[in-house]
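Colleague: Turn this into a model:
(5 chains, ligands or ions: 5)
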Amino acid sequence: MTGTTSSRGTRVLGALTLAGMAALLLFALVLSPQDEVQGEAVRMLYVHVPTAIVAFTAFFVTVAGSIVYLWKRSEWWDITAHASAEIGAVLLGATLVSGMLWGRVSWGVYWTWDARLTTTALLFVFVLGYLAVRRLPMERDRRSRLAAVVGLLLGPTTIVCHYATTWWRTLHQGPTITRLNPEIDGIMLFTLMLGMVVFALLYAWLLIHRFRVLWLEHRVEDLGLDAALAERRSEAEDGGTLVPSP
Amino acid sequence: MFRDAALIAGKDLRLEARARVALNQVAPFALLVLVLFAFALDPDRGVLDQATPGLFWIAVLLSTLLAVQRGFSVEAADGVRDSLRLSALDPAGIFLGKVVAIGVQLLVLEALLLIGVVVLYDADPGGIALLVPTCLAATVGLAAAGSLYGVLSAGLRVKETILPLLLLPVLAPVLIAATQAFEAGFDDRMGEGWRWLGLLVVFAAAYIGLGLLVFDTLLEEA
Amino acid sequence: MFRDAALIAGKDLRLEARARVALNQVAPFALLVLVLFAFALDPDRGVLDQATPGLFWIAVLLSTLLAVQRGFSVEAADGVRDSLRLSALDPAGIFLGKVVAIGVQLLVLEALLLIGVVVLYDADPGGIALLVPTCLAATVGLAAAGSLYGVLSAGLRVKETILPLLLLPVLAPVLIAATQAFEAGFDDRMGEGWRWLGLLVVFAAAYIGLGLLVFDTLLEEA
Amino acid sequence: MEPAVHLRGAVSLIGRFPALAGVDLEVAPAEVVLLQGPNGAGKTTILRCCAGLMAVSSGEARVLGVDLVRDRRSVRRRVGLLGHASGLYDELTVADNVRFWARAAGSDQADAQAAMERLGLAGRLRDVPVGRLSAGQRRRTSLAVMVARRAELWLLDEPHAGLDQDGRDLIDGLIGDASAAGVTVLIASHERERAEAIVHRTVTVAGGTVRPAAPSQDRPPVQVPADVP
Amino acid sequence: MEPAVHLRGAVSLIGRFPALAGVDLEVAPAEVVLLQGPNGAGKTTILRCCAGLMAVSSGEARVLGVDLVRDRRSVRRRVGLLGHASGLYDELTVADNVRFWARAAGSDQADAQAAMERLGLAGRLRDVPVGRLSAGQRRRTSLAVMVARRAELWLLDEPHAGLDQDGRDLIDGLIGDASAAGVTVLIASHERERAEAIVHRTVTVAGGTVRPAAPSQDRPPVQVPADVP
Ligand code: HEM
Ligand SMILES: Nc1ncnc2c1ncn2[C@@H]1O[C@H](COP(=O)(O)OP(=O)(O)OP(=O)(O)O)[C@@H](O)[C@H]1O
Ligand SMILES: Nc1ncnc2c1ncn2[C@@H]1O[C@H](COP(=O)(O)OP(=O)(O)OP(=O)(O)O)[C@@H](O)[C@H]1O
Ligand SMILES: [Mg+2]
Ligand SMILES: [Mg+2]
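Modeller: Ligands and ions are numbered 1, 2, ... in the order given. Now for the predicted structure:
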């Protein structure tokens, strides 16, 4: 073991992510124009939307991991689901914060009771609930299986959040980018796409590291097993009594 | 499966007949929530009229929480979960039985609350044709999701706190859809109401389906 | 008495440090309540602005319920009540210890919620001078009344349902007074606010006094 | 003939603690075997593994012909477990409990009635809620539930504890009858004299393993009755 | 000298059921007495009444000089009860539990430590949460709590149940030491041989009353040691 969770691949990925971040900053803050309606505030878009979409993706990875885990009992997918939900929670937190800052500028308030915002907040709390289950003090396998069932439900919650603007009449922007004929300026669109790519890279980079940390934690637990078995068996040798002989 | 469901539901309803928890405790609690929140939201500002459906469903939601806690604290006692695992009962049957038992209690409660709302808030229950199926569909959804999380948390030492945390966000769509359907019903905008009802039916079906699939795992692990 | 209170509070806070229930479960739950209720009350009608303080205190109230349930489910387990009765602990000390442990958890929670409210509801916390003592007084009242009813219900088989039923009406005055004090604080009508604060202090003192007197009986009989 | 219980190198974890650290145990059908050993040795864990309630994470484990490592559910309805916990609904009466659990196990009302009569619960206690019973009466109710199940393997965790003199004789009788009818019985107990009088063989458990030779075994092992199925 | 326990015509109700229907019992200081009798006879109820946990609704009842009919609280901190339930916090470790309850009883840390060592809980088990213990280990923890209390009257409900051979010897030793130090001990047990070997006298309880003559008392009653306070 190298003593770290990085490898050549992740170092490349990390470098790419950092370079991408720099490029994103450049495009978002300098190269892309102001918006006619929104003014400078529109620059929030380049964080807000990519983090949201990457967070949603992360939750679907968790859903997929949960399904595969329940089906095949694969530890690999269990850890993937766990790590992905953690990073998704952080990213969704970034969405919330950037959205609130943006809202403060363009709506005059940090928050309003709009369906999109509410469902986003619910989704966030739900992920916190999922992570709370992940932290319950109980046997690892049992906890994983419980968490997998809860993780399944991230799917519908995310879908509701995504379609909130379509199902309810909302103040929040409806789907603008995902439409085939985007109505936004070319360089803005490019910057947005760059943001998506950069946050996707960031997600992948963090996911791999988090995965490795969790994997190693499991291995450390398992490593202890042989020693624990030997120690347990030795209880039988010293007479099997609880009282140490004087 | 249905025989097992009947056995479980019968046992739960017998327990209720003996202990009268839903009747003597959950129902007054629901009324209490209604009154209390009406107070907190300051009646003289005319907020209440608009908020009636929301308050009704919040009261139902919190009562669901209590009904689920009660229904599964019974199954959490002193080795009962092991007994259930050792029995020949089909987990899907146990799930359906719990859903039925909780659902029946909730329906009675909703009937009481509806009377309460009409009297207390002077609400006008127009479109009965919409209200009744809304209640039915929402109840099935609540009971199904409640049973799912009920069994998940029943075996845990922190069940009092983790259940509300997990259950409420999942029930939120029901709260929203049912509230909207009720508003439509009270205002006689039936068309919109039916759309929300559709959502409730989908939700209920989804949770029943999910429950039949995963209850086994939950009973096993929790 | 104070030594006993410290012993009990220390034990409870050690339990919390180990299990992190208040932090991982009750706090997210409080946020959840905030979000859920706001939505149920239909935002676009301008209700929220008026209802912010009420919603804050409803969230605190429901979290108190959870904190009390958790705090006393620990004392309800497998003969612990008998152990407490047999101990040389002063019942008044046990009461104070529970109040302190629950109160500390609630205070942390309120700080979090206050941030939540300021951000989510765009509330403007004017008179901090009023808000902080309101929170303190209300918390003591909630924790005292909660501990009183917590021990009452802890020994009962129906504790999940009877506690909310008993506790909510008793806490209603706190809810109302704290809400009014907050409204006054937000609106900068300080004079009125101090009056409500006075009520809260009286309530807290009354429940602490009552608790010191009757906790003994409750521990005995429940 | 296949053994009723076959464990070889069985490991079972509670959290990260190896409650069983490689157990070897072989029990023939209709045999009555006593597990003895110090507190925390793993007796309860062995019984719960055999009942399919706890996972065997490595080693071989076959009970009633079912491989527990692959499938630990199908064996459950075929065993009867008398554990440390009662497994009863406190708010229901004795009769309601026994009937409910008997039906849940696929037995009928007659089995439930017979079991209650056999255990002396058909009288005044019938309609007392289980939560009100004395410790021994509660234990008898759990036993009645177990008897009403008609299991092929009995797993008895300290069966004598809490029972009065009559109850002790009763359960000894039940075990004898069950074994004669072909039921395999595994007992964990600290009441050595009482338990050794009714078993065919004693096995010592310590430190999550089974000791090769049982030290207190000063009687010749009783032969398993030849006429059982 | 005043008896440590004096019951005359004591009646105690659980709900409306007379669990004790007129009990006469006299126990001298430092005496060790066994209560035996069928399940549901009222042994646990007698012990709980003596601990001041249940009300004596009529008759005379004096324990350690306190009249229980008038005041059943002040006796509580002077007795040690080992009941059917453990009375421990499942989420705290063994050491935390023993220390907490010892301090709650007014004893100090040294008492707690000594009790844990005496009961074999000072090793690996120290830091295991009580909820994870085996049945016997849990019982030992309850015993440690009781020992750390330094009570004047021990009320032991089936003290041997669940303990292994060492534990049984240990508790017999504890009882002997306690009695020698002037502690009165009242034991309810179904393990007749084991219990009768350590008591001075056996009393039979049945149907909520104490039978005048104990039928199984075929040994001459042991004399209470004269040198105790
Ligand atoms: C706290 C406040 C906010 C939250 C929680 C929030 C949440 C979200 C979420 C979750 C998405 C992703 C939707 C999806 O892909 O399905 C999103 C997208 C978006 N948000 Fe926000 N938002 C907030 C405030 C704002 C504000 C103030 C604006 C601008 C005025 C805004 C503009 C947008 C835009 C343009 C999109 C992309 C829409 C699309 O094409 O899908 N958001 N927001
Ligand atoms: N989390 C844990 N940490 C340490 N030890 C644990 C943990 N969980 C379980 N154990 C140990 O696992 C063992 C379980 O043993 P088991 O209950 O099978 O014992 P037993 O032989 O039935 O004992 P008894 O005679 O006391 O009933 C105990 O020694 C217990 O201390
Ligand atoms: N509500 C009730 N209705 C009928 N009987 C009751 C009720 N409550 C308690 N009892 C009876 O009171 C008696 C209590 O006896 P207690 O627990 O003292 O018995 P015990 O001698 O300790 O028995 P064991 O040896 O089984 O522990 C039991 O017979 C029980 O059935
Ligand atoms: Mg055991
Ligand atoms: Mg008893």
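Colleague: Can you tell me which helices and strands the top helix by length along chain A packs against?
Modeller: The residue-count maximum for a helix in chain A (DSSP state H) belongs to helix A:186-237. Helix A:186-237 sits against helix A:8-25, helix A:45-72, helix A:75-106, strand D:17-27, strand D:209-210, with contacts defined as 3 or more Cβ pairs under 8 Å, 6 or more residues apart in numbering or on different chains; DSSP states H and E. To be clear about C-beta, it is placed using only N, CA and C from the backbone, and glycine gets the same treatment.
Colleague: Out of these, which gets nearest to ligand 5?
Modeller: strand D:17-27 (29.2 Å; Cβ to the ion).
Colleague: Which elements pack onto the closest one?
Modeller: Counting contacts by 3+ Cβ pairs under 8 Å, 6+ apart, strand D:17-27 packs against helix A:186-237, strand D:5-14, helix D:43-50, strand D:209-210.
Colleague: Distance of the residue of chain B found nearest ligand 4 relative to A:E75?
Modeller: Proximity to ligand 4, evaluated over chain B using Cβ to the ion, is greatest for B:G79 at 13.1 Å. According to Cβ to Cβ, to the nearest Å, B:G79 stands 30 Å off from A:E75.
Colleague: In chain D, where is pLDDT below threshold?
Modeller: Residue ranges of chain D with pLDDT under 70: D:1, D:212-229.
Colleague: same for the longest helix seen in it, what does it pack against?
Modeller: Longest helix in chain D, counting residues (DSSP H): helix D:165-180. If contacts are counted by 3+ Cβ pairs under 8 Å, 6+ apart, helix D:165-180 sits against helix D:135-148, strand D:153-157, strand D:184-188.
Colleague: Contacts for it next, please.
Modeller: D:30-32, D:118-120, D:136, D:139-140, D:143, D:147, D:154, D:156, D:159-160, D:163, D:185, D:187, D:194, D:197-198, D:225, D:228, E:38-39, E:190, E:192 (Cβ atoms under 8 Å, 6 or more residues apart in numbering or on different chains).
Colleague: hmm, back to that, just put the helices and strands packed on helix A:186-237 in CSV and tack on distance to D:R72 and mean neighbour count.
Modeller: Below are the helices and strands packed on helix A:186-237 laid out as CSV (distance: least, Cβ to Cβ, whole Å; neighbours: other Cβ atoms under 10 Å in any protein chain shown):
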stretch, distance to D:R72, mean neighbour count
helix A:8-25, 40, 14
helix A:45-72, 17, 22
helix A:75-106, 19, 20
strand D:17-27, 14, 22
strand D:209-210, 20, 25
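Colleague: quick one: contacts for residue 24?
Modeller: No chain was given, so I picked chain A. A:Y46, A:T191, A:L194, A:G195, A:V198.
Colleague: wrong one, I was asking about chain D
Modeller: D:L7, D:R8, D:G9, D:A10, D:T209, D:V210.
Colleague: returning to what we had before: show me which pair in the contacts of A:L24 is furthest apart.
Modeller: The span of those, defined through Cβ to Cβ, is set by A:T191 and A:V198 at 10.2 Å.
Colleague: Can you pull the poorly scored residue ranges out of the chain?
Modeller: All of this refers to chain A. Residues of chain A that meet the cut-off, pLDDT under 70, sit at A:1-3, A:35-39, A:113, A:168-171, A:174-184, A:238-246.
Colleague: The intended chain is chain B.
Modeller: B:39-51, B:120-127, B:222.
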